[in-house]
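**Q** Dropping a prediction and its sequence here:
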Amino acid sequence: PSGATGATGPAGADGADGAAGPAGATGPAGATGPSGASNVADEINDGETALAPSQNAVFDALAGKVSGPASAVDSELVLFSGTTGKLVKSSAATGIITATAGVASSVTAPSGTVVGTSDTQTLSNKRTTPRITTIASSATPTINTDNCDAVTITAQAANITSMTTNLTGTPNNFDKLIIRIKDNGSARTISWGAMFEAKGAALPTTTVASKVLTIGLIYDTVTAKWGSVATVLEA
């Protein structure tokens, strides 16, 4: 007969892991999460927001904007109000707008048509104040006919050696010039030079002591000279 079964021996060592099985099928997609926060300031700046942003966000977005009155008149001028550069106001100016260093002001507009620089217009009821060059005494009087319509020499103390030497300007045909000369109590000779000619009245060659001498001149572009058309000596 068989003998009794012996005691169970100790467990053997674990065998090596088997090869990994194939990956299982991908599970279904999860639910979509909530939308992220909107950049309210950017959307306000772009004028595209449809959100109801918080009050602080609105203030932040508008912090650099220009603010004006609640209403305005169509085509009314806009001016800065104050010095912040962020407030504007409507202009109440009436007349012709002028500017000094960018600051606007106004002057009263004429009731009639404004005179243009190149328009053909007929003027009436206008007074033109002559531009006058005043000289006490000079042997070669300095006269710029672009800047004056009349010259007065008040106390000539030397002979006039040339009226042409210091004569400048770009006169137009038929421009007029009046020269009035009075000496200082002694008669002085007058030399006119190449820019002057007699055109109906002789050019005077001397003053008469303490008397006012007046010469009327008209410019002639044909001869390029000032022509004397009238000479009058004080009585």
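**A** Received the coordinates, thanks.
**Q** CA atoms for contacts and neighbours, from now on please.
**A** Fine.
**Q** in this protein, what spans have low per-residue confidence?
**A** Where the chain drops to pLDDT under 70, the residues are 35-64.
**Q** Of all residues in it, which one is nearest the centre?
**A** Centrality entry for the chain: nearest residue to the mean C-alpha point is residue 102, 7.6 Å, by CA atoms, centre = their mean.
**Q** Contact partners for the closest residue to residue 143 other than its chain neighbours?
**A** In space, residue 143 comes closest to residue 167 once its chain neighbours are excluded; the distance is 4.9 Å by CA to CA, 6 or more residues apart in numbering. Contacts for residue 167 (CA atoms under 8 Å, 6 or more residues apart in numbering) come out as 141, 142, 143, 144, 145.
**Q** OK, contacts around the residue nearest to the fourth one when sequence neighbours are not counted?
**A** The spatial neighbour of residue 144 that comes closest, neighbours along the chain excluded (CA to CA, 6+ apart), is residue 168 at 4.6 Å. Contacts for residue 168 (CA under 8 Å, 6+ apart) come out as 142, 143, 144, 145, 146.
**Q** For residue 164, see how far away the first one is.
**A** Same thing as residue 142. Per CA to CA, to the nearest Å, residue 142 is found 9 Å from residue 164.
**Q** Do a quick rundown of the strands in the chain.
**A** Along the chain, the stretches classed as strands by DSSP state E are 78-80, 88-90, 96-100, 103-107, 132-135, 143-144, 150-156, 167-168, 176-183, 196-198, 213-220, 225-233.
**Q** Can you list the residue ranges for helices in this structure?
**A** Assigned by DSSP state H, the helices in the chain fall at 40-46, 55-62.
**Q** one step back: any figure for the gap between the residue nearest to the centre of the chain and residue 76?
**A** According to CA to CA, residue 102 and residue 76 sit 18 Å apart.
**Q** residues near residue 190, how many?
**A** When neighbours are counted by other CA atoms under 10 Å, residue 190 registers 20.
**Q** What residues are bridge-paired with it?
**A** Per DSSP bridges, the residues bridged to residue 190 are residue 160.
**Q** May I have the residues that are in contact with the closest residue to residue 163 other than its chain neighbours?
**A** Excluding its sequence neighbours, the residue lying closest to residue 163 (CA to CA, 6+ apart) is residue 192, at 4.7 Å. By CA under 8 Å, 6+ apart, the contact set of residue 192 is 161, 162, 163, 164, 203.
**Q** Max pairwise distance over those: which two?
**A** For those, with distances taken as CA to CA, the pair at the greatest spread is 161 and 203 (14.1 Å).
**Q** out of these two, which sits in the more crowded spot?
**A** Just comparing residue 161 and residue 203: by other CA under 10 Å the higher neighbour count belongs to residue 203, 21 against 17.
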